[in-house]
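Asks: predicted model and sequence follow; I will ask about them next.
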Amino acid sequence: MADFSNFLPDTAFALDVAAQDWREAITLAGNELVDAGFTTDEYTTQMIETVEKLGPYMVITPGLALAHARPSDAVLHTGLSWVRLSTPVEFGSKANDPVSLVIGLAGRDENEHLEIMSAIAKALMDPAKTARLAAAQTPAEIRSILES
């Protein structure tokens with residue numbers, strides 16, 4: 001299992017924040033990636049453009065969007081952001097809307113991108129774990145659940 005403390009520092013969390021729509025939700029996730037030193041603002045723009053071009057495929061399970069774009073020069077370090085919305089928003093995914101958790105994913109290269117994506121997917125496939133994550137109150141508690 002991945003050591004999430006390296007990829008998901010306290011500065012990459014925004015818990016119970018409001019977003020008006022999916023663009024703002026992705027922007028919040030992007031801002032956290034920037035604040036943690038993982039990306040530049042350009043990566044946030046790339047994540048939004050990815051949804052505009054390809055649709056809401058990044059809404060991978062009910063209530064969860066894994067916001068990302070292809071590895072680029074806008075990615076400074078591989079990392080994650082964690083944005084839990086106070087009110088869910090629609091991404092346009094018939095099967096999995098509305099979204100209340102947006103995880104921002106930035107990978108420096110394809111291997112790191114896939115490695116961290118796989119670790120997150122594994123952690124989120126357990127319904128009991130996702131319920132605990134939804135109720136978690138602190139970054140440390142969320143990391144502990146992900147790593148268990």
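Replies: Noted; the coordinates are in hand. Numbers count the residues shown, from 1 in each chain.
Asks: list the helices and strands the helix or strand hosting Lys53 packs on?
Replies: Under the criterion of DSSP states H and E, Lys53 resides in helix 41-54. Under the contact criterion of 3 or more C-beta pairs under 8 Å, 6 or more residues apart in numbering; DSSP states H and E, helix 41-54 touches helix 22-35, strand 64-68. No exception for glycine: its C-beta is placed from N, CA and C like everyone else's.
Asks: weakest of the ones you listed by average pLDDT?
Replies: Taking each of these in turn, the one with the lowest mean pLDDT is strand 64-68, at a mean of 93.
Asks: what residues does it touch?
Replies: Counting by C-beta atoms under 8 Å, 6 or more residues apart in numbering, the neighbours of strand 64-68 from elsewhere in the structure are 22, 25-26, 29-30, 47, 50-51, 56, 58-60, 91, 96, 99-107, 113, 117, 120, 124, 130.
Asks: that one pairs with which strands?
Replies: Based on DSSP bridges, the pairing partners of strand 64-68 within the sheet are strand 59-61 (antiparallel), strand 99-106 (parallel).
Asks: output whichever helix or strand comes after the longest one as CSV, nothing but the C-alphas.
Replies: Read that as strand 99-106. Using DSSP H and E, the helix or strand that follows strand 99-106 towards the C-terminus is helix 110-124. Below are the C-alpha coordinates for helix 110-124, written out as CSV (Å, rounded to 0.1, in the frame of the first residue of the first chain):
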residue,chain,number,x,y,z
GLU,A,110,2.7,7.6,-16.6
ASN,A,111,4.2,5.2,-14.1
GLU,A,112,3.8,7.4,-11.1
HIS,A,113,0.3,8.5,-12.4
LEU,A,114,-0.8,4.8,-12.6
GLU,A,115,0.8,3.8,-9.3
ILE,A,116,-1.0,6.4,-7.3
MET,A,117,-4.2,6.0,-9.2
SER,A,118,-4.1,2.2,-8.4
ALA,A,119,-3.5,2.8,-4.7
ILE,A,120,-6.4,5.2,-4.5
ALA,A,121,-8.7,2.9,-6.4
LYS,A,122,-7.8,0.0,-4.1
ALA,A,123,-8.5,2.0,-1.0
LEU,A,124,-11.9,3.2,-2.4
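Asks: report the inter-axis angle for helix 110-124 versus strand 64-68.
Replies: Helix 110-124 and strand 64-68 meet at an angle of 170 degrees, taking axes from the mean of the first three to the mean of the last three C-alpha atoms, to 10 degrees as the criterion.
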